[in-house]
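Trainee: Sequence first, then the predicted structure, then my questions.
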Amino acid sequence: MATKTKGTNAKIKELKGIKPEKVSKEHLDKMQSAVSNINSAYIELGRLSATSHNFLHELAGRQDELTLLQGELKKEYGTDDINIQDGAINYTDDVKADS
């Protein structure tokens, strides 16, 4: 009596034109894991995108504050060209200090 080798039933079904109805448990597990990993990456990307969006709004607000301050400086000193390190006013040749 001949012993059947592993996969003989699958080969017989293939020769008879019978196609499997489901993938193996191993393949299903691998596919589910891959899809889960992709979904996790999309969720993380969405979180990062939302965080970036919030930071951009915050940055725009801070830039608006600086623009308002520059307007105040220009009104007060005639220029908004200020050395940020020591506060020195950098007047151009056509602007004279009011002293």
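Mentor: Happy to help now that I have it.

Trainee: how far is the helix or strand containing residue 71 from where the chain is centred?
Mentor: Assessed by DSSP states H and E, residue 71 sits inside helix 25-77. Distance of helix 25-77 from its chain centroid, counting by C-alpha atoms, centre = their mean, to the nearest Å, is 6 Å.

Trainee: now for it, which elements pack on it?
Mentor: Contact partners of helix 25-77 among helices and strands, from 3 or more C-beta pairs under 8 Å, 6 or more residues apart in numbering; DSSP states H and E: none. Where you see a C-beta, it was placed from the backbone N, CA and C, and this is true even at glycine.

Trainee: so for that helix, what's the average pLDDT?
Mentor: Averaging pLDDT along helix 25-77 gives 98.

Trainee: Is it correct that residue 85 falls within a helix?
Mentor: No. Using DSSP: H, G, I helix; E, B strand; the rest coil, the secondary structure at residue 85 is coil, not a helix.

Trainee: Look at it and say how many residues are nearby.
Mentor: 6 (other C-beta atoms under 10 Å).

Trainee: Repeat that for residue 80.
Mentor: Neighbours of residue 80 under the rule other C-beta under 10 Å: 17.
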